[in-house]
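Enquirer: please find the sequence and the predicted model below.
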Amino acid sequence: MMPARLAIFFLLGAFLCPADEPLLPPNIKRQLVREIIGGKINQNPNGPQLVLPQGPFAALFESGIFPGKFLGLDPAKGIRWQHPAVAEPFHLKPGTVGFLQLQPTAKAAKANPPNCEVLLFSGDQFTGQLISLDHKALTFEATHCGRLTIPRQHIKALVPRSGEGAVLIQGFQKPTDWIFTNVEGDENGEGGKQGRWIIKNKAAICAGGNGALFGRNLPGNPQAIRVDFDLRVPQGDPKIGIQFFTDNLTSHRTGNCLDLTFRKGKASAKRQPHNPDGGQNGRIGKSIPLPPLGKRAAHVTIYASRHRTQLHLIINGQPIGTWSSDNPLQQFGAGILFIQRGNQPTHIENLVIRKSSGHAPIGRQLPELPADLKQDHITFSNGDHIVGDIKEIKNSIAICKTNFGDINLPLTKIQIARLTPNAILKHNRPEGAAIITLANQTQITGQLKIANPETLSLTTPTFGELKIPLNAIRTIDFQTPKNRIPGFPNPNAPLNPKKNKAGHLKEFP
């Protein structure tokens with residue numbers, strides 16, 4: 001019988017190196033074996049998730065995580081990869097890689113900011129500039145993908161970006177605008193150094209200390225806001241709380257506010273009155289697991305509405321949870337407060353707070369419509385809706401034919417337009433296809449043809465051949481429902497939101 005160590009070396013050589021490439025040096029093989037065997041995937045789906053590295057990596061179906069750099073793709077040889085422990089690039093054989101996490105650096109052009117999202121029946125999604133729509137096709141300038149002509153029967157919905165309001169706060173340029181409250185040790189009495197937040201290099205940083213606070217009042221006393229920031233927690237799961245519309249910036253225990261807390265790998269929400277013993281304090285819905293973040297910075301988006309008493313959480317473009325209270329607070333303040341909830345370091349960067357419409361973000365989860373709907377369905381920003389036929393869209397005006405005549409609808413007044421398909425389309429994922437997600441959460445399904453360090457070419461069922469800048473790609477997912485990496489999060493899983501008794505979206509599993 002072949003010794004186990006020798007068998008591993010032979011398998012690793014066959015796995016990494018096509019026959020026409022030189023074998024890796026034995027010392028490099030040993031290092032990779034230690035890395036692979038030491039990083040075995042948890043086979044228990046209910047157990048701890050994989051610990052993901054901070055930078056780009058390849059997640060393999062059978063053998064763990066490879067950090068490194070994606071250099072291109074050859075359909076015959078596989079993915080060309082540069083491992084930090086290997087002097088020369090090598091190929092990972094086709095069919096062995098389940099998931100690629102890259103590090104996008106491309107920026108969208110400021111001259112033509114996106115004004116719409118397009119959702120297709122195939123599950124793909126594009127963000128960009130809506131140029132025109134007629135009875136045949138949509139002309140769309142997709143961010144990072146160029147000009148696209150999309151047949152109308154492929155389009156499921158149009159989501160104009162009309163709900164994003166004026167910017168209230170941009171970054172941490174003026175530390176004097178914020179109020180800082182330090183703590184001695186943690187609230188469990190375990191001692192430790194004083195916890196405090198500081199502003200450094202345009203970021204808010206806390207070295208630890210459960211209960212350290214910083215916050216400020218929002219200008220204009222908005223009814224609803226959207227908060228975006230990059231969260232980095234170098235050690236363990238994030239442990240941070242955020243209070244919205246609080247009237248107390250020096251204590252997280254009192255204050256009329258909504259509270260969202262990340263702790264123990266979960267997100268939980270509650271409403272908190274001025275008097276915590278007044279009987280109104282309570283959790284909203286259930287705690288929802290957070291995706292594993294490792295040491296990588298996560299982009300967090302939170303929609304908070306004090307009128308509707310709702311919170312919506314999105315991480316790296318993926319909806320995580322929705323909380324809605326049937327028992328709203330009677331009073332609110334105008335402050336936002338960040339609370340350190342553990343002794344590990346926390347970094348908050350690229351903070352942007354905007355006014356919001358107060359409506360739930362659409363994302364990939366669309367509201368249900370009657371199954372027998374024969375016309376297009378338009379929902380306005382104020383919640384009203386009409387049915388009719390969208391004849392065309394041009395110059396940001398939609399012309400809709402209804403039973404009471406033609407009406408002109410500015411895109412800025414539309415929250416979502418659902419298009420009725422002219423034919424029943426079947427969208428089967430092609431064999432060997434991947435799901436590509438871009439930095440702006442554009443999602444494309446297609447077969448990868450070839451890639452170099454600058455461009456990825458793929459073939460899609462909807463558009464044919466498409467070319468994408470490699471530096472705009474966030475993930476490339478080769479997994480299928482039947483062939484998945486055990487213990488690895490599925491960022492493209494379909495969402496099945498649960499509803500409360502009133503029929504409102506309550507949470508995402």
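Expert: Okay, I see it. These numbers come from a predicted model, not from an experiment. Numbering: from 1, shown residues only.
Enquirer: use CA for all of it now, contacts and neighbours both
Expert: OK.
Enquirer: now the most centrally placed residue in the chain: closest residue in space, sequence neighbours ignored.
Expert: In the chain, the C-alpha nearest the mean C-alpha coordinate belongs to Gly317, at 1.9 Å (Cα atoms, centre = their mean). Nearest residue to Gly317, sequence neighbours excluded (Cα to Cα, 6 or more residues apart in numbering): Gln441, at 5.9 Å.
Enquirer: can you map out the strands along the stretch 401-509 of the chain?
Expert: Along the stretch 401-509 of the chain, the segments classed as strands by DSSP state E, counting those that start in this stretch run 405-410, 414-418, 434-438, 443-451, 455-460, 464-469, 473-477, 498-499, 505-507.
Enquirer: got the ones you listed as TSV, with mean pLDDT and mean neighbour count columns?
Expert: Shown next, in TSV, are the strands of the stretch 401-509 of the chain (pLDDT from 0 to 100; neighbours: other Cα atoms under 10 Å):
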stretch	mean pLDDT	mean neighbour count
strand 405-410	88	14
strand 414-418	86	23
strand 434-438	89	24
strand 443-451	86	21
strand 455-460	88	19
strand 464-469	87	16
strand 473-477	89	23
strand 498-499	42	14
strand 505-507	33	21
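Enquirer: for Glu117, which of these is the nearest?
Expert: Of all the strands of the stretch 401-509 of the chain, it is strand 414-418 that lies closest to Glu117, at 9.5 Å by Cα to Cα.
Enquirer: which parts of stretch 155-170 are buried?
Expert: Residues of stretch 155-170 classed as buried by neighbour count (16 or more other Cα atoms under 10 Å): Ile155, Lys156, Ala157, Leu158, Val159, Pro160, Arg161, Ser162, Gly163, Leu168.
Enquirer: residues making contact with that stretch?
Expert: Residues external to stretch 155-170 that are found in contact with it (Cα atoms under 8 Å, 6 or more residues apart in numbering): 114-121, 218-219, 226, 350-357, 362, 381, 411-421.
Enquirer: please redo it, this time with the cut-off set to 7 Å
Expert: Residues from elsewhere that reach stretch 155-170 (Cα atoms under 7 Å, 6 or more residues apart in numbering): 115-121, 218-219, 351-357, 411-419.
Enquirer: next: stretch 92-103.
Expert: With Cα under 7 Å, 6+ apart as the test, stretch 92-103 has contacts from 15-16, 55-61, 77-81, 473-479, 485.
Enquirer: got it, and stretch 236-251?
Expert: Applying Cα under 7 Å, 6+ apart, the external contacts of stretch 236-251 come out as 181, 215-216, 254-265, 332-342.
Enquirer: how far off centre is the helix or strand that contains Gly285?
Expert: Assigned by DSSP states H and E, Gly285 belongs to strand 282-289. In terms of Cα atoms, centre = their mean, to the nearest Å, the centre of strand 282-289 is set 20 Å apart from its chain centre.
Enquirer: after it, which helix or strand is next?
Expert: The element immediately downstream of strand 282-289 (helix or strand, assigned by DSSP H and E) is strand 298-305.
Enquirer: for the stretch 201-350 of the chain, which segments count as strands?
Expert: 203-206, 213-217, 224-232, 240-246, 257-263, 266-272, 282-289, 298-305, 310-315, 318-324, 335-340, 346-356.
Enquirer: contact partners of the last one?
Expert: The one in question is strand 346-356. 163-171, 202-207, 222, 224-233.
Enquirer: partners of that strand in the sheet?
Expert: Note on strand 346-356: by DSSP bridges, its sheet partners are strand 164-170 (antiparallel), strand 203-206 (antiparallel), strand 224-232 (antiparallel).
Enquirer: same thing with the fourth one?
Expert: Sheet pairing here is set by DSSP bridges, and for strand 240-246 it gives strand 257-263 (antiparallel), strand 335-340 (antiparallel).
Enquirer: between the ones you listed, which gets nearest to Asp326?
Expert: The minimum distance between Asp326 and the strands paired with strand 240-246 falls on strand 257-263, with 13.0 Å, by Cα to Cα.
Enquirer: pLDDT averaged over the closest one - what is it?
Expert: Averaged across strand 257-263, the pLDDT comes to 91.
Enquirer: chain center to that strand, what's the gap?
Expert: So, by Cα atoms, centre = their mean, the centroid of strand 257-263 is 19 Å from its chain's centroid.
Enquirer: do stretch 391-405 as well
Expert: So, by Cα atoms, centre = their mean, the centroid of stretch 391-405 is 33 Å from its chain's centroid.
Enquirer: hmm, who's touching that stretch?
Expert: Contacts for stretch 391-405 (Cα under 7 Å, 6+ apart): 131-135, 387-390, 406-411.
Enquirer: wait, a helix at Thr176?
Expert: Yes. Under DSSP: H, G, I helix; E, B strand; the rest coil, Thr176 sits within a helix.
Enquirer: for it, give me the pLDDT.
Expert: pLDDT, Thr176: 89.
Enquirer: what about it, how many residues close to it?
Expert: Thr176 has 10 neighbours, counted by other Cα atoms under 10 Å.
Enquirer: separation between it and Phe214?
Expert: As judged by Cα to Cα, to the nearest Å, Thr176 and Phe214 stand 11 Å apart.
Enquirer: out of the strands of the stretch 201-350 of the chain, flag the one nearest Gln125.
Expert: Closest of the strands of the stretch 201-350 of the chain to Gln125 is strand 318-324, at 12.6 Å (criterion: Cα to Cα).
Enquirer: quick check: angle from the closest one to strand 266-272?
Expert: Here the directions of strand 318-324 and strand 266-272 differ by 30 degrees (axes from the mean of the first three to the mean of the last three Cα atoms, to 10 degrees).
Enquirer: partner strands of strand 318-324, with direction?
Expert: The strands that strand 318-324 pairs with in its sheet are strand 310-315 (antiparallel) (by DSSP bridges).
Enquirer: orientation of the partner strand relative to strand 298-305 in degrees?
Expert: Using the same axes, to 10 degrees: strand 310-315 against strand 298-305 is 170 degrees.
Enquirer: can you list the buried residues in strand 310-315?
Expert: Gln310, Leu311, His312, Leu313, Ile314, Ile315.
Enquirer: circling back: pipe the strands paired with strand 346-356 into CSV and attach mean pLDDT per row.
Expert: Shown next, in CSV, are the strands paired with strand 346-356 (pLDDT from 0 to 100):
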stretch, mean pLDDT
strand 164-170, 81
strand 203-206, 92
strand 224-232, 90
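Enquirer: now render the ones you listed as a markdown table, adding distance to Val300.
Expert: Formatted as a markdown table, the strands paired with strand 346-356 follow (distance: least, Cα to Cα, whole Å):
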| stretch | distance to Val300 |
| --- | --- |
| strand 164-170 | 15 |
| strand 203-206 | 15 |
| strand 224-232 | 5 |
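Enquirer: what's the closest of those to Ile436?
Expert: Counting by Cα to Cα, and looking across all of the strands paired with strand 346-356, nearest comes strand 224-232 at 21.8 Å.
Enquirer: which residues touch the closest one?
Expert: Applying Cα under 7 Å, 6+ apart, the contact partners of strand 224-232 are 295-306, 346-358.
Enquirer: 6 Å - rerun?
Expert: Residues outside strand 224-232 that contact it (Cα atoms under 6 Å, 6 or more residues apart in numbering) are 297-305, 347-356, 358.
Enquirer: my read: Ile131 touches Leu138, true?
Expert: No. Ile131 is beyond contact range of Leu138, at 7.7 Å (criterion: Cα atoms under 6 Å).
Enquirer: more neighbours: which of the two?
Expert: Leu138 (22 against 17).
Enquirer: neighbours of the residue lying closest to the more buried one once chain neighbours are set aside, just the number please.
Expert: The shortest distance from Leu138 to any non-neighbouring residue, by Cα to Cα, 6+ apart, is to Ile150 (5.1 Å). Per other Cα under 10 Å, the neighbour tally for Ile150 reads 18.
Enquirer: ok, Ile150 touching Lys136?
Expert: No. Counting by Cα under 6 Å, Ile150 does not reach Lys136; the two are 8.7 Å apart.
Enquirer: and Glu62, that one's in a helix?
Expert: No. Counting by three-state DSSP, Glu62 falls outside a helix, being coil.
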